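# next input, structure requested:
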Amino acid sequence: MSATAQAVLAVILGIFGTIALGLLFQWVDRVVTARIQWRKGPPIYQPLADIIKLMGKETVVSEAASEKIFLYAPVLGFAGLCVASVILWAAAIGPGSPVGFDLIVAVYFLVFPSVALILGASASGNPYAAVGLGREMKLIIGYELPLILAMVPPIVASGNSFRLAEIMNTRPEGALEIISYVLAALCVLAVSQAKLGVVPFDQAEAETELTGGVLLEYSGPPLALIRLVRGMLLFLLPMFIIIVFWGGVQLVGWGWLTTPLKFVAIIVVIVLMRNTNPRLRIDQALAFFWFIVTPIAVLASALSVYQHAVR
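The predicted model follows:
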């Protein structure tokens with residue numbers, strides 16, 4: 001396959017493929033949650049039906065809102081996530097981005113949905129949304145450092161490369177490096193739960209406290225776009241973990257069987273965490289990321305660097 005064909009395929013899969021799979025994963029999440037609660041759960045088309053219904057609803061903008069920022073913030077989050085998705089798919093189907101630091105670029109664009117929520121809430125003119133955006137900002141401050149530190153083991157193992165394709169094809173060698181990979185992957189899994197904005201890290205919305213928080217003023221197509229982004233994240237974050245820590249997305253041979261199983265395993269963990277934990281206070285969430293997740297990420301980084309030094 002030529003480089004041009006790979007680029008076109010990455011764009012198609014990165015946008016339309018991720019949207020379709022994200023909606024499918026949302027359905028899986030809702031069905032598993034329903035079964036845990038002894039309910040039947042929605043039909044497979046329900047996430048798509050919800051998006052279509054919201055697209056037909058009226059968009060109401062408060063008089064106190066900064067209209068342009070409020071309406072364009074979800075578009076920013078969607079656009080940034082599409083860029084991250086294309087980068088991940090490019091690494092999965094081909095040699096990856098020619099710029100050489102696509103890992104850093106992917107991590108950068110994965111934060112766009114959270115930034116979009118902060119911008120939208122700040123422009124909404126609602127005091128509950130203002131409280132929610134403050135919590136969202138604190139969450140970002142809490143989890144971005146351990147996320148960056150968790151990237152050290154795969155980077156070191158791949159010979160200090162920032163190319164996702166090279167990282168994906170690198171296998172940890174030695175007990176210390178394997179342990180560092182496992183610890184780093186667990187850190188990213190915890191961060192993913194916060195990026196998804198689900199329990200125990202849904203403080204920015206907290207319907208029982210803030211009646212929706214950062215999403216309170218959104219309706220119609222902008223709200224549909226936000227929910228679509230959440231669905232895309234539910235697929236992209238497991239894909240990111242698999243590419244960086246778990247052998248990558250393999251689309252040939254046994255990969256057609258093992259890759260879906262990897263996704264299922266991560267989704268099951270995310271759903272179980274959401275359904276078996278209470279919401280943390282924002283100070284508890286920050287303490288969790290700063291004093292538990294960050295030290296684990298530091299330990300994983302130190303182990304990988306030590307293993308590389310003595311090899």
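# pretty sure Leu23 contacts Val229?
No - when contacts are counted by C-beta atoms under 8 Å, Leu23 is not listed as touching Val229 (11.6 Å). In short, each C-beta sits where N, CA and C put it, glycine included.
# let me see the contact set for Ala10.
86, 89-90, 93-94 (C-beta atoms under 8 Å, 6 or more residues apart in numbering).
# now do Met137
Residues in contact with Met137 (C-beta under 8 Å, 6+ apart) are Ile118.
# mind listing what's buried along the strand or helix carrying it?
Assigned by DSSP states H and E, Met137 belongs to helix 127-150. Buried residues in helix 127-150, counting neighbours by 16 or more other C-beta atoms under 10 Å, are found at 128-129, 131-140, 142-147, 149-150.
# equivalent analysis for stretch 290-302, please.
Going by neighbour count (16+ other C-beta under 10 Å), the buried part of stretch 290-302 is 293-294, 296-301.
# just stretch 15-32 next, same as before
Those would be 15, 17-19, 21-32, for stretch 15-32 by 16+ other C-beta under 10 Å.
# what's the offset of the helix holding Met137 from the middle of its chain?
14 Å (C-alpha atoms, centre = their mean, to the nearest Å).
# tell me the mean pLDDT for it?
Taken as a whole, helix 127-150 carries a mean pLDDT of 95.
# likewise stretch 208-222?
Computed over stretch 208-222, the average pLDDT equals 89.
# measure that stretch end to end?
This stretch, stretch 208-222, spans 22 Å end to end (C-alpha to C-alpha, to the nearest Å).
# tell me which residues in that stretch are buried?
Buried residues in stretch 208-222, counted by 16+ other C-beta under 10 Å: 210, 212-218, 220-222.
# identify the farthest-apart pair in the residues you listed.
Comparing every pair within those by C-beta to C-beta identifies Leu210 and Pro221 as the most remote, at 22.7 Å.
# list the contacts of the closest residue to Asn169 other than its chain neighbours.
In space, Asn169 comes closest to Gly248 once its chain neighbours are excluded; the distance is 6.8 Å by C-beta to C-beta, 6 or more residues apart in numbering. Applying C-beta under 8 Å, 6+ apart to Gly248 gives the contacts 91-92, 168-169, 242.
# ok, Val191 next?
Contacts for Val191 were tallied using C-beta under 8 Å, 6+ apart; they are 143, 146-147, 150, 289, 293.
# mind running it again at 10 Å?
Going by C-beta atoms under 10 Å, 6 or more residues apart in numbering, Val191 touches 110, 139, 142-148, 150, 201, 237, 241, 289, 293, 297.
# quick check, nearest of those residues to Ala121?
Ala121 has its nearest neighbour among those in Leu139, at 12.9 Å by C-beta to C-beta.
# who's in contact with the closest one?
The contact partners of Leu139, by C-beta under 10 Å, 6+ apart, come to 114, 191, 194-195, 197, 201-204, 282, 285-286, 289.
# specify which member of these is nearest to Gly56.
Using C-beta to C-beta, Gly197 comes nearest to Gly56 of the contacts of Leu139, at 24.7 Å.
# helices and strands of this structure: which one bottoms out on pLDDT?
One helix or strand of the chain scores below all others by mean pLDDT, DSSP states H and E: helix 207-210, with a mean of 81.
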